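Visitor: next comes the sequence, and after it the predicted model I'd like to discuss.
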Amino acid sequence: MKRIGLTLAVLVFLLGGIMYGQVTDDLSVHLYGTLSQPTGDFGKEKGENAFPTRRFGFSIGDEVGLATTGFGGGAELSSSVWFEGLQWIFSMNALTNPVDKSALEPIYSDMLTDTSRTVSVALEFGQWINIPILSGFRYDYELSSGLTVYGLIQGGMNFSRRPSQKAIVDITPTEGSQVKAQEDLVAEDTKYDFARDFGFGAGAGLVINNRFNVGVRYFQ
C-alpha cells in the first residue's frame, strides 16, 4: 500500500501576516498559522479493502487516510531574484490531521461477529503528521498600492508519519456458546516512524498592505 501521507494531497489555507520580519532589503521571513483540509484519498473515511487480518492487525484499506480537518504552522524565507515581482522562497510547514474512525469500527465488529459470539471493536488512532520542506518561486503582481496577487510553485521533501493505531476488542458469547467472554483485549497496538518522499506545492493568494497574506496552497 502506498504511504498515504507522502503521496496524497493536503489543502492548506494560509493566514499570513501573523508575524513578519525584514532581514535585509531583499530578504524577509514570514511566520503563519494554517488550517489543513484533507482532499482526495487522504480524507476518505474507509478504504476498499478494510478488514481484520490474522497477522497484521486491522487493515484500514487501500489508498485511504481517514484524515479530517487539522491545523499547523509554517515559516517562509523569501528573496527577490532576477526581475521585478519574482521571489525565491524556502518554506517549512508542520501539519497535523486527526483521524475519523467512525466508519471502520462497525465494519470490523460485523466481520468478527458470528453465531457463537458478538464482537465489539473500538479503535484508537493518533494523528497524521506532515512536514513539507520546499523551495521554489513566487510571482507577485501589484493590483494597487495596497493589494498584491501572487502565485507560487515549489518542490522538495515531505516528512510524514502515519497515525498510531490501537484496536481494543470485547467478546460476548451467545447463549450456549463455548466461546470465552473477553473484555478490553488489545488486538493491535501499532506505531510508525517518520518516512520521507518527494513533495511539491502550488498556491495563490493576496497580500494586503504588504503585511497580511491570505491564500490557498496545495501540497502533495
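Guide: Perfect, thanks for sending it. Numbers count the residues shown, from 1 in each chain.

Visitor: what does the pLDDT read for Ala9?
Guide: Per-residue pLDDT puts Ala9 at 47.

Visitor: where is the longest helix in this protein?
Guide: As assigned by DSSP state H, the longest helix anywhere in the chain is helix 104-112.

Visitor: now the helix or strand just after it: buried residues?
Guide: Note on helix 104-112: by DSSP states H and E, the next helix or strand toward the C-terminus is strand 117-125. Along strand 117-125, these residues count as buried under the neighbour rule (16 or more other C-beta atoms under 10 Å): Arg117, Thr118, Val119, Ser120, Val121, Leu123, Phe125. C-beta: built from backbone N, CA, C; applies to glycine.

Visitor: just put these in CSV and tack on pLDDT and distance to Ser28.
Guide: As requested, the buried residues of strand 117-125 are exported to CSV (pLDDT from 0 to 100; distance: C-beta to C-beta, whole Å):
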residue, pLDDT, distance to Ser28
Arg117, 81, 64
Thr118, 83, 62
Val119, 82, 58
Ser120, 84, 55
Val121, 84, 51
Leu123, 86, 45
Phe125, 88, 39
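
Visitor: ok, those residues vs Pro173, which is closest?
Guide: Distance to Pro173, by C-beta to C-beta, is smallest for Arg117 among the buried residues of strand 117-125, at 5.3 Å.

Visitor: straight-line length of stretch 151-171, end to end?
Guide: 56 Å (C-alpha to C-alpha, to the nearest Å).

Visitor: may I see the buried residues of it?
Guide: Neighbour-count burial for stretch 151-171 [16+ other C-beta under 10 Å]: 152, 154, 156, 158-163, 165-169, 171.

Visitor: what's the mean pLDDT across that stretch?
Guide: Regarding stretch 151-171, the rounded mean pLDDT is 89.

Visitor: quick one: low-confidence residue ranges for the chain.
Guide: Applying pLDDT under 70 to the chain picks out residues 1-25, 44-63.
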